[in-house]
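**Student:** Sequence and predicted structure, then a few things I'm wondering about:
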Amino acid sequence: MQRKVRVRFAPSPTGPLHIGGVRTALYNYLFARQMGGDMILRIEDTDSQRFVPGAEDYINEALAWLGIGIDEGVREGGNYGPYKQSERRDIYREYVGRLLDAGKAYMAFDTPAELEAARAATPNFQYDASTRMQMRNSLSLPPEEVKRLIEAGEKYVVRFKIEPGREVKVNDMLRGTVSINSSILDDKVLYKKADDLPTYHLANIVDDHLMEVTHVIRGEEWLPSAPLHVLLYEAFGWADTMPVFVHLPLLLKPDGKGKLSKRDGDRLGFPVFPLEWHDPKSGEVSSGYRERGYLPEAVVNFLALLGWNPGDDTEIMSMQELIEKFSFEHCSRSGAKFDFEKGKWFNHKYLQEMSGERLAQLFKPVMAEHGVDPAAFDDEYIVRAVDMVKSRINFVSDLWANAAFFFVEPESYDPKAVKKRWSVDTPRIMGELIEVLEGAPDFSSAALEPVVLGWIADKGYHLGNVMNAFRLAVVGECKGPHMFDITELMGLDATVRRIHLAVERIPKAE
RNA sequence: GGCCCAUUCGUCUAUCGGCUAGGACGCAAGAUUUUCAUUCUUGAAAGAGGAGUUCGAUUCUCCUAUGGGCUACCA
C-alpha cells in the first residue's frame, strides 16, 4: 500500500526563479531521486495579473542548467497533465462545484469596495463564521436573491466555509505536529468567477491530489496556510491520501532583516538568480550565477548545504552524492543567512578540480570579450595557460586578470614593482639574460631553470631582483605562475621580445 | 495587533542527557615560494536570558527576549 514517491516543484511564472526557489526545487529533486520517485514541474499561473512573459522559459532553463531533472511537466509531458494550471480550468470548476454542492463552500458577492468598508469598520475584520452572515453571500442572502444575482451575471467568488473551534493538526516532517484552532482561519477565496480561475489554495490541493503527490516540500512561508490545506483535503474526502508536508526554512538576507529578496542581489552585489534576467517590462537586468562564472555543480553543492548537512563534515559533494546522502532528518528548521563568501569558496574548489580542457572552453568567450580571438591560439596553448593560473581564481572571469599576459603583451608595468625591482643596472642585466636565453639548448622549464639560475649565481647577482625584473618584463607585474613554466609555454621569441620591450619602455631609474 | 515557526562561533553547521562544545567559510599569524596564489600549520571566535526535570543539561519542559513567516478576489 506504499505509494510511489511523487513530488512537485510548483513555481508561479511571475518573474525569474529566485535562489530560494532553486533550493526548494533541489530538495524536491534530491528526495525524488533517492526514493526512485517522480519529480513534477507544475506551472502555477492562476494569477493572470502577475503573469510575466518569459518566466516559464526561464524556470526551465535554470533547472536544466543546474542539472535538476524533471520527469513530468509542460515540456516533458506525463500522464497527469496538463501541467499548467491555466489549462486546468474545467477540472477546478468541477471540484469547486463539488464543494458548493456539499455545502462546504459558498458564493460571496461582496465587491472589493464592500470588503474594504467592512475592514475599515471593524479593527481586525476577518471573513469567517463570526462575520459571514453580515456579508452578501449565498449563506446570508435569500435563495431567490442569490439566484437573481447569478442570473444577472454578477461576479462572485467561492469561499471555503470554515467551521470554527476545531483543532487542526498539520503533520510536518521537520516540525512534528503543528496544531492551530480553525477559528483563526478565514473563509479563504477558492475561486474567482471574474476570471474563471481558482486561487492557489484550491488549485494546489486539487492538483496535488490528482497528480498523486505524496510529499509536499515547500518553503516555510506556506506553513500558516497548511491547516487550511488539511481542511480542504478533508472536505474533498481525500484525507487518507493526504501528502506528507515538509516546510523548509527560508533563505535570509546576509545582513539581517528578512528573507532574501530580488532586491538584495543588486544591493549587496551578488546574484540572487541562477541565470541573468532581463525584465521585459522595466528592461532592468538582474545578474545570474551562470553569467558570473559560477559552475552549476558549485551552486548546487552550496545551496544543498544551506539548510541541510550530511551528518558529518563532508562539504564537497556531487549531485549523485547529494542524492545518496540527502535526508530530512538532517535539515535544519531555522532560516539560513545567505553567505556569498562561502559560495565563492565552493566555486573555487570546483574550479580547482576542473580539467584544463573544460576550463579553456569556458575561458574562450571571456577572451573574446576582451578583444582576443581564441582561434588565434592553439587549444593546447590555452589549456596550458589556464591550467597554470587556475589555483588563483574564484570565477572563470578571474581567468582574464590572471592569464591575460599569455595572450597580450604587457601594456604597462606595475609602478610599485618597477620601483622595487628595476634599478639602473637592470637593462644591462636583462641584456645578458637575453643572451643566456638565446644560448640555452633547451627552452623547457626544467632545462632552462638551472641555466638561468646558474648564470645568476656565477655573476653574483641578487636572485630576487633579477627574477622579478624578468617577471616584470614578461608579465607586467610581480605575480603569476612559476617563471620558467611561463617561458616554456610562451617560447623563446615571445619572451625575448617582451624583455626588449620592457627595457625600451621602463624609464631609467635615477 | 493576532497566529505560527525558530534560536550553538560574524556566517553555514555537528552534537540526538556525559563537552576539554567539533568542522567549514571568513579573519589573524606562521611555514613553503625568485613573485602572486595554491597548499600546510596555528590562533581568536558560540550554546539569548531565567526557571524547572535530572546524579548531570547545549541537548527535555515552561516563561521571557530576539529573529523569521503569515495575516489579499498574490503565490
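**Tutor:** Perfect, thanks for sending it.
**Student:** what's the neighbour count on A:N137?
**Tutor:** With neighbours defined by other CB atoms under 10 Å, the count for A:N137 comes to 22. Using the backbone N, CA and C atoms, a C-beta is placed for each residue, glycine as well.
**Student:** In this structure it contacts A:F109, no?
**Tutor:** Yes - between A:N137 and A:F109 a contact is recorded at 6.3 Å, counting by CB atoms under 8 Å.
**Student:** what's the distance between whichever helix or strand A:R93 is part of and the middle of its chain?
**Tutor:** Per DSSP states H and E, A:R93 falls inside helix A:89-101. Here helix A:89-101 is found 36 Å from its chain centre; the criterion is CA atoms, centre = their mean, to the nearest Å.
**Student:** Does RNA strand B have contacts with that helix?
**Tutor:** No - applying CB under 7 Å from any atom of the strand, one finds that helix A:89-101 is not in contact with RNA strand B, the shortest distance being 11.0 Å.
**Student:** Quick check: buried residues in that helix?
**Tutor:** Residues of helix A:89-101 classed as buried by neighbour count (16 or more other CB atoms under 10 Å): A:R89, A:I91, A:Y92, A:Y95, A:V96, A:L99, A:L100.
**Student:** Please tell me how far the first one sits from RNA strand B.
**Tutor:** This means A:R89. Distance from A:R89 to RNA strand B, counting by CB to the nearest atom of the strand, to the nearest Å: 13 Å.
**Student:** Got the confidence number for that residue?
**Tutor:** The predicted local confidence for A:R89 comes out at a pLDDT of 95.
**Student:** Does it touch A:K193 like I think?
**Tutor:** No - in this structure, A:R89 sits apart from A:K193 without contact. The criterion is CB under 8 Å, and the distance is 11.9 Å.
**Student:** Chain neighbours aside, what residue packs nearest to A:K344?
**Tutor:** A:N394 (4.8 Å; CB to CB, 6 or more residues apart in numbering).
**Student:** which SS state does the one you found fall under?
**Tutor:** A:N394 falls in the coil class when you classify it by DSSP: H, G, I helix; E, B strand; the rest coil.
**Student:** helices or strands next to the next helix-or-strand element following the helix holding A:R93 in the packing?
**Tutor:** With elements assigned by DSSP H and E, the helix or strand that comes after helix A:89-101 is strand A:105-108. In this structure, strand A:105-108 makes packing contacts with helix A:89-101, strand A:157-160, judged by 3 or more CB pairs under 8 Å, 6 or more residues apart in numbering; DSSP states H and E.
**Student:** Turn these into a markdown table, columns for distance to A:S355.
**Tutor:** Formatted as a markdown table, the helices and strands packed on strand A:105-108 follow (distance: least, CB to CB, whole Å):
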| stretch | distance to A:S355 |
| --- | --- |
| helix A:89-101 | 50 |
| strand A:157-160 | 57 |
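**Student:** Quick check: residues of the stretch 201-350 of chain A near RNA strand B?
**Tutor:** With CB under 7 Å from any atom of the strand as the criterion, the stretch 201-350 of chain A comes near RNA strand B at residues A:201, A:220-225, A:249-250, A:252, A:254, A:256-259, A:305-307, A:309, A:311-313, A:315, A:330, A:332-337, A:339, A:341-342, A:344-345.
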